[in-house]
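**Q** Sequence plus the predicted model coming up.
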There are 2 protein chains.
Amino acid sequence: MENFTVTEGTPERRYHHGDLRRTLIETALEVMREEQNWQFTLREIARRAGVSHAAPYKHFPDKAALLTALAMIGFDQLRIGLIQARSDAGEDPRAALLPMARAYVDFGNDNPALYRLMFGAEGVNRSDVHLSENAISVFDTVMDVLQRGQLDGALRRRPVRDQATACWSLLHGLTMLSIDGLLLPEKVGLEPLDAAFRTVMEGIASSDENGKMSDVR
Amino acid sequence: MENFTVTEGTPERRYHHGDLRRTLIETALEVMREEQNWQFTLREIARRAGVSHAAPYKHFPDKAALLTALAMIGFDQLRIGLIQARSDAGEDPRAALLPMARAYVDFGNDNPALYRLMFGAEGVNRSDVHLSENAISVFDTVMDVLQRGQLDGALRRRPVRDQATACWSLLHGLTMLSIDGLLLPEKVGLEPLDAAFRTVMEGIASSDENGKMSDVR
DNA sequence: ACCTGAACACCGTTCAAGT
DNA sequence: ACCTGAACACCGTTCAAGT
């Protein structure tokens, strides 16, 4: 629920050498963007930050701690992106669903290494409380818009939690497959997000034009 | 389409020291199961296989090649598990959907490190042709059962590819979230698979009991 | 036809010592 | 209150030499 930022847990300080903690995080994000993975070495980060290879250990107990901090920032950015897409779409919760889905998948494609770190990483301290809180707040954002869609009458009245589980799983799966290059156009078409979205919407939206196709045996 | 096995690409040979290639693969699978990740070192595998740390290089050009071989085996096992679940369920394609979904998610939960290696791994040679072929054949298995469900009349007549994209994404996302411990019961309930499945089925199955709830605004 | 041992250039992490 | 340099115990990978 809380809004974690880069300096979470560490009061703002300016030392003679600057804010090394933040510099390390920003350098790591840069390297991840360049190399498309999070297999960077702590020593490389230190080198690029212009400090000795031992300096990072004054700010992070180990490499896992830095990775965890990065993942937390990622969840934060993702949630902010979703909220942005929702408010851009106006008041209608139904109309916000596709833009939010697009924002989600785009985030993954724009930050593949970060997204994989957030979810698929062995290096991350997965038991970190703050990390799960940040991850969960993404889920809450999805659930919230579905809730309002139901109240609106635009969505079928089913347990919101069930619909949210389906939506989050779908988005996560789509994003991961997309990042990994497994959504081959000749297999899933040119717009897999739209295809998947249409399919799921038939299960979620209130039935209007249903029943037209009565090829039920 | 082809059926890749452990010895793919390497003719069966028995040397005085045994089939080291296969031993390395099996040892790696063991270690992954033990440590719940694929961060093992090649040297550890060699140690446990009882050979020098340089020996693996006679069978794999580098560590990425071993990881790729493991991922390929994983895709193969997954596909076999799906086919098994389908044939266990009998002739009705509609009835096979839930068992297949369960088989998919179970595979991930039973082999978390392997599953993450198959999809989320930086170490894997993702451009390997055989690897993508194995991955794609999983998709084909999903598509096949949906195709038959449509012919049967049990499923809505929509582009099969769209439905398959939605189904695969959903399963993949659900599996990944489950492995990562993000499907917290207090958030998604005790049976997230069933919840997600119900939701998507409403979008995929032929409309029978639809339209009852007419709270359309 | 396969395996070993020494060697190279790296890591992550620690710790006494510096400023 | 923070940073450095040397040191330790590892890696992945190569290669001449062994059997």
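**A** All right, it came through fine.

**Q** Can you give the contact residues for stretch A:159-171?
**A** Stretch A:159-171 is contacted from outside by A:101, A:104-105, A:138-139, A:142-143, A:146-147, A:150, A:155-156, A:196, A:200, A:203-204, B:166, B:169-171, B:173-174, B:177, B:183, B:187-189, B:192, B:195-196, B:198-200, using Cβ atoms under 8 Å, 6 or more residues apart in numbering or on different chains. (Glycine included, C-beta is placed from N, CA and C.)

**Q** touching chain B at all, stretch A:146-153?
**A** Yes. Stretch A:146-153 reaches chain B (Cβ under 8 Å from any Cβ of the partner chain) through A:152-153.

**Q** With just CA atoms, put that stretch into CSV.
**A** This file holds the C-alpha atoms of stretch A:146-153, laid out as CSV (Å, rounded to 0.1, in the frame of the first residue of the first chain):
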residue,chain,number,x,y,z
LEU,A,146,-12.6,-4.8,-12.0
GLN,A,147,-14.5,-4.0,-8.9
ARG,A,148,-15.6,-0.7,-10.3
GLY,A,149,-16.5,-2.3,-13.6
GLN,A,150,-18.9,-4.7,-11.8
LEU,A,151,-20.5,-1.9,-9.8
ASP,A,152,-20.9,-0.1,-13.1
GLY,A,153,-22.7,-3.0,-14.6
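
**Q** any weak-confidence spans in chain A?
**A** A:1-17, A:207-217 (pLDDT under 70).

**Q** What segments of it are helices?
**A** A:20-35, A:42-49, A:63-88, A:93-110, A:112-120, A:129-152, A:160-179, A:185-188, A:192-204 (DSSP state H).

**Q** how far off helix A:42-49 does the longest one point, in degrees?
**A** Going back to what we said before, that points to helix A:63-88. Here the directions of helix A:63-88 and helix A:42-49 differ by 70 degrees (axes from the mean of the first three to the mean of the last three Cα atoms, to 10 degrees).

**Q** Would helix A:63-88 count as contacting DNA strand C?
**A** Yes. Judged by Cβ under 7 Å from any atom of the strand, helix A:63-88 comes into contact with DNA strand C at A:63-64.

**Q** Which elements pack onto that helix?
**A** Contact here means 3 or more Cβ pairs under 8 Å, 6 or more residues apart in numbering or on different chains; DSSP states H and E; on that basis helix A:63-88 packs against helix A:20-35, helix A:42-49, helix A:93-110, helix A:112-120, helix A:129-152.

**Q** Derive a ChimeraX selection command for the buried subset of the contacts of stretch A:159-171.
**A** Selection of buried members from those for ChimeraX, criterion 16 or more other Cβ atoms under 10 Å in any protein chain shown:
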select /A:101,104,105,138,139,142,143,146,147,150,155,156,196,200,203,204 /B:166,169,170,171,173,174,177,183,187,188,192,195,196,198,199,200
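
**Q** ok, back up a step: looking at the helices of chain A, which is nearest to B:M32?
**A** Proximity to B:M32 (Cβ to Cβ) singles out helix A:112-120 among these, at 14.5 Å.

**Q** Setting the sequence-adjacent residues aside, check what's closest to A:V145.
**A** A:P93 (5.1 Å; Cβ to Cβ, 6 or more residues apart in numbering or on different chains).

**Q** An error on my part: the question was meant for A:L174.
**A** Going by Cβ to Cβ, 6+ apart, A:L174 has B:S169 as its nearest residue, at 4.2 Å.

**Q** ok, now which ones touch the most centrally placed residue in chain A?
**A** Central residue of chain A (Cα atoms, centre = their mean): A:L78, 4.2 Å from the mean position. Residues near A:L78 by Cβ under 8 Å, 6+ apart: A:104, A:107, A:118, A:138.

**Q** Was I right to think the third one contacts A:G74?
**A** Read it as A:M118. Yes. Using Cβ atoms under 8 Å, A:M118 is in contact with A:G74, at 4.5 Å.

**Q** how close does A:T41 sit to B:D152?
**A** 55 Å (Cβ to Cβ, to the nearest Å).

**Q** swap in A:T199?
**A** Counting by Cβ to Cβ - A:T199 and B:D152 are separated by 18 Å.

**Q** ok, and the closest non-adjacent residue to A:D152?
**A** A:P93 (5.6 Å).

**Q** typo on my end, it should be A:N109
**A** A:S178 (5.9 Å).

**Q** same thing with A:L97?
**A** Closest to A:L97 by Cβ to Cβ, 6+ apart is A:V145, at 6.8 Å.

**Q** tell me the contacts of the one you found?
**A** So A:V145 contacts A:86, A:93, A:96-97, A:100 (Cβ under 8 Å, 6+ apart).

**Q** for A:P112, same thing?
**A** By Cβ under 8 Å, 6+ apart, the neighbours of A:P112 are A:36, A:179.

**Q** Give me the more crowded residue out of A:T41 and B:D152.
**A** Set A:T41 next to B:D152 and count neighbours by other Cβ atoms under 10 Å in any protein chain shown: B:D152 wins out with 14 against 11.

**Q** Okay, the residue nearest to A:N109 and B:A101: tell me how far apart.
**A** Taking Cβ to Cβ, one finds A:S178 at 21 Å from B:A101.

**Q** Kindly report the same for A:D144.
**A** Taking Cβ to Cβ, one finds A:D144 at 27 Å from B:A101.

**Q** same question, A:T68
**A** 32 Å.

**Q** how many other residues sit next to the nearest residue to A:L117 once chain neighbours are set aside?
**A** Distances taken as Cβ to Cβ, 6+ apart put A:W38 closest to A:L117, at 4.7 Å, once the chain neighbours are dropped. Residues within reach of A:W38, counting by other Cβ under 10 Å, total 24.

**Q** for A:W38, what are its contacts?
**A** A:32, A:67, A:70, A:113-114, A:116-117, A:121, A:123, B:122.

**Q** for A:H172, same thing?
**A** A:H172 makes contact with A:119, B:172-173, B:176-177, according to Cβ under 8 Å, 6+ apart.

**Q** picking that back up, tell me which of the helices of chain A is the most buried.
**A** When those are scored by mean count of other Cβ atoms under 10 Å in any protein chain shown, the highest mean neighbour count falls to helix A:160-179 (a mean of 25).

**Q** so A:V188 makes contact with A:A195?
**A** Yes. The pair A:V188 and A:A195 qualifies as a contact (Cβ under 8 Å) at a distance of 6.7 Å.

**Q** hmm, back to that, relative to DNA strand D, which of the contacts of A:V145 is nearest.
**A** A:R86 (39.2 Å; Cβ to the nearest atom of the strand).

**Q** Grab the nearest non-local neighbour of the closest one.
**A** Using Cβ to Cβ, 6+ apart, the nearest residue to A:R86 is A:A96, at 4.7 Å.
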